[in-house]
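Undergrad: Structure of the sequence below:
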Amino acid sequence: MGVETKKMANTLAAAGDFGDRIKSWPERIKTFYNDVRTEMKKVTAPSFKEVQATTAVVIITVFLFAFYFWVVDNTVGRGVTSLIQYLTHR
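TA: Model prediction:
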């Protein structure tokens, strides 16, 4: 658990009843926004080459899955059709 999370947990534990929780609300909001600001400083945007590479991987993966499901769908469909034809010709 992070230090900020522990602080917030301690704040909530100390604020036992509803009135105390309402009074601690501005401090909790301030802590939350400070945590958000700290985490957003750690965020980096991907480079153009990284975006191109991941986009290519996604497109290739989509086509591979589409082909796989097409093959499975046709195989199962033909199997069911053959089974129905076999059972209805008796």
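
Undergrad: Domain-wise, how is this structure divided?
TA: Following automatic domain parsing, the chain resolves into domains at 3-41, 46-90.

Undergrad: With mean pLDDT and mean neighbour count as extra columns, can I get those in TSV?
TA: C-beta: built from backbone N, CA, C; applies to glycine. Output for the domains of the chain, formatted as TSV (pLDDT from 0 to 100; neighbours: other C-beta atoms under 10 Å):
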stretch	mean pLDDT	mean neighbour count
domain 3-41	77	11
domain 46-90	96	10
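
Undergrad: ok now the single longest helix found in the chain, how far from the chain's centre?
TA: If you go by DSSP state H, the chain has its longest helix at helix 48-88. Helix 48-88 sits 23 Å away from the centroid of its parent chain (C-alpha atoms, centre = their mean, to the nearest Å).

Undergrad: try stretch 78-90
TA: Stretch 78-90 sits 43 Å away from the centroid of its parent chain (C-alpha atoms, centre = their mean).

Undergrad: Take it, keep the C-alpha atoms, and write them as PDB.
TA: Extracted as PDB, the C-alpha positions of stretch 78-90 are listed here (Å, rounded to 0.1, in the frame of the first residue of the first chain):
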ATOM      1  CA  ARG A  78     -20.200 -28.000 -42.000                       C
ATOM      2  CA  GLY A  79     -20.100 -30.600 -39.200                       C
ATOM      3  CA  VAL A  80     -23.600 -29.600 -38.000                       C
ATOM      4  CA  THR A  81     -24.900 -29.500 -41.500                       C
ATOM      5  CA  SER A  82     -23.500 -33.000 -42.200                       C
ATOM      6  CA  LEU A  83     -24.900 -34.300 -38.900                       C
ATOM      7  CA  ILE A  84     -28.400 -32.900 -39.700                       C
ATOM      8  CA  GLN A  85     -28.300 -34.400 -43.200                       C
ATOM      9  CA  TYR A  86     -27.200 -37.700 -41.900                       C
ATOM     10  CA  LEU A  87     -29.900 -37.800 -39.200                       C
ATOM     11  CA  THR A  88     -32.800 -36.700 -41.500                       C
ATOM     12  CA  HIS A  89     -32.100 -39.300 -44.200                       C
ATOM     13  CA  ARG A  90     -32.900 -42.200 -42.000                       C
END
